[in-house]
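# A structural model of the following input is requested.
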Amino acid sequence: MTSKTADDAPLLGALLRKVRRRIVVHVIGALEIAGFSEIQEPHMAVFQHPSPHGSSPLALAERAQMSKQAMNQLIGTLERAGYLERRADPDHMGRRQIWLTSRGERAVVIMRRAIREIERELEREVSAKRFAVMISCLRELAGE
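Numbers count the residues shown, from 1 in each chain. Below is the predicted model:
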């Protein structure tokens, strides 16, 4: 049996992925409890910050780093479930914009509340000071 070394430790991408997974599981659970069970992890690509208030499917796809076709499938699923609607773009004939419906807006409120809950939980685990430093560093690295 080999012992773990620093070279075996998870790198930044793996650590961020694990924390993201914990957040997503919490958000999906909160959505399910609130009656929004149609929203699953892949749909987070549509709902990610900022929410789609007049965004084009192409812009949402680029932001999520996925194909326009894959994004349109997610949008279609959410549209049929009553979370989104497509509207004509008044500035570009033939283009569509994606807007949240009132149901979609309510789901976003649940998501944001759940994220705040998990943030408070993580803050308790690592201390308020260390959590604040982490958030500050992440904002800086993200260019916020």
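
# So what would you say the end-to-end distance of stretch 78-93 is?
24 Å (C-alpha to C-alpha, to the nearest Å).

# for the protein, longest helix please?
helix 102-126 (DSSP state H).

# dump the residue contacts of the residue nearest to the spatial centre of the chain.
Nearest to the mean C-alpha position of the chain, counting by C-alpha atoms, centre = their mean, stands Q48 at 3.5 Å. Contact analysis of Q48 by C-beta atoms under 8 Å, 6 or more residues apart in numbering lists 63-64. For the C-beta atoms, the positions are set from N, CA and C on the backbone; glycine is no exception.

# where does the protein have low pLDDT?
1-5 (pLDDT under 70).

# ranges for the strands of it?
Ranges of strands within the chain are 84-88, 96-100, based on DSSP state E.

# Next, the residues that contact the first one from outside, please.
Outside of strand 84-88, the residues within contact range by C-beta under 8 Å, 6+ apart are 46, 52, 54, 75, 78-79, 95-101, 104.

# same thing but at 10 Å, please
Contact partners of strand 84-88, identified using C-beta atoms under 10 Å, 6 or more residues apart in numbering, comprise 43, 46-47, 51-52, 54, 56-57, 72, 74-79, 94-101, 103-104.

# Mark which of those are buried, thanks.
Neighbour counting by 16 or more other C-beta atoms under 10 Å classes 43, 46-47, 51-52, 56-57, 72, 74-75, 77-79, 96-100, 103-104 among the contacts of strand 84-88 as buried.
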